[in-house]
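S.K.: next input, structure requested:
(one chain, ligands or ions: 2)
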Amino acid sequence: MFKPNNKMLNSAALSLDAIVTPFSKKQEILNMIKNHTPVKPLTKDQRAYFNRVIRVDQAGELGANYIYAGQYYILSNKYPHLKEILQHMWDQEIHHHSTFNKLQLKHGVRPSLITPIWTVGAFAMGAGTALISPQAAMACTEAVETVIGGHYNDQLRVLDKLFKDRELIDGEGNYEINEIIETIKQFRDDELEHLETAIKYDSKDAVPYMVLTETIKMICRVAIFAAERV
Ligand SMILES: [Fe+2]
Ligand SMILES: [Fe+2]
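M.R.: Numbers count the residues shown, from 1 in each chain. Ligands and ions are numbered 1, 2, ... in the order given. Prediction:
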């Protein structure tokens, strides 16, 4: 009777391995991906702050989207020279808003519970100031972008402090921190560009400039405070 010796058995095992290996490797890789855990998971405080950033920024960008919608609705036909610049800033706000919508879904962060107020209030603010004058609309933009630019810088400072451990930031499990930091930096720069545009288009000539800008800044600060908590 035929009896395979050890050498033959080893050879058969090797042949089998050659066939099976690609599949078992594939499974192994799939398991690694499935069970992948961050190098250092976020602490409870870090996760809470991370979620808060996404919630308030999503609400803020939704507001900005509707402010520019209101301005565009009132001014674009009456003042054709403003049409293109308003459209450009509005497009950027739509991009900011949709980016935070995606981040919100991706990280399972609940939206601000008073979102309908942001939508109606923001459109009313954009349209209302535009009805006063184009300069008043620009003063609104100047005030909003001053507060939002500062707000983004505040967040960047806290993120840097809270996530300053470079290993944590660079660890492949925490790419999400880098993603949010880079997103905020980019959007902060866009908002400061909007601020410069508003000044270039005569925001300082708005009447009454001080009342408008200071009131709008206060409204924005209250809105940020509320959206971070509710
Ligand atoms: Fe924005
Ligand atoms: Fe903006």
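S.K.: for the rest of this, base every contact and every neighbour count on C-alpha atoms.
M.R.: Fine.
S.K.: what pLDDT does the model give residue 161?
M.R.: For residue 161, the pLDDT comes out at 81.
S.K.: distance of it from residue 83?
M.R.: 41 Å (CA to CA, to the nearest Å).
S.K.: between the two, which one's more packed in?
M.R.: Under the neighbour definition other CA atoms under 10 Å, residue 161 and residue 83 were set side by side, and residue 83 has more, 16 against 10.
S.K.: how about the contacts made by the more buried one?
M.R.: 72, 75, 76, 77 (CA atoms under 8 Å, 6 or more residues apart in numbering).
S.K.: chain neighbours aside, what residue packs nearest to the first one?
M.R.: It stands for residue 72. residue 86 (6.2 Å; CA to CA, 6 or more residues apart in numbering).
S.K.: same deal with the third one?
M.R.: In this structure, residue 76 finds its nearest non-sequential neighbour in residue 83, 4.6 Å apart by CA to CA, 6+ apart.
S.K.: how close does the one you found get to ligand 1?
M.R.: 18 Å (CA to the ion, to the nearest Å).
S.K.: remind me which helix or strand that residue belongs to.
M.R.: helix 80-106 (DSSP states H and E).
S.K.: who in the protein is up against ligand 1?
M.R.: 61, 93 (CA under 5 Å from the ion).
S.K.: run the last query once more with 6 Å
M.R.: Residues of the chain lying near ligand 1 by CA under 6 Å from the ion: 61, 64, 93, 96, 191.
S.K.: by neighbours, which of the residues you listed wins?
M.R.: residue 64 (29 neighbours).
S.K.: residues in contact with that residue?
M.R.: So residue 64 contacts 93, 122 (CA under 8 Å, 6+ apart).
S.K.: which helix or strand contains it?
M.R.: helix 44-75.
S.K.: for the residue of the chain found nearest ligand 1, which non-adjacent residue is closest in space?
M.R.: Ligand 1 sits closest to residue 93 of the chain, with a gap of 4.5 Å, by CA to the ion. Spatially, and ignoring its direct neighbours in sequence, residue 93 is nearest to residue 65 (5.1 Å; CA to CA, 6+ apart).
S.K.: cool, residue 68 as well?
M.R.: Among residues not flanking residue 68 along the chain, residue 90 sits closest, at 5.3 Å (CA to CA, 6+ apart).
S.K.: that neighbour reaches residue 65, doesn't it?
M.R.: Yes - with contact defined as CA atoms under 8 Å, residue 90 counts as touching residue 65 (6.3 Å).
S.K.: following element in sequence after the helix or strand of the chain with the lowest mean pLDDT, please.
M.R.: None of the helices or strands of the chain scores lower by mean pLDDT, DSSP states H and E than helix 166-170, at a mean of 48. Moving toward the C-terminus from helix 166-170, the next helix or strand (DSSP H and E) is helix 175-200.
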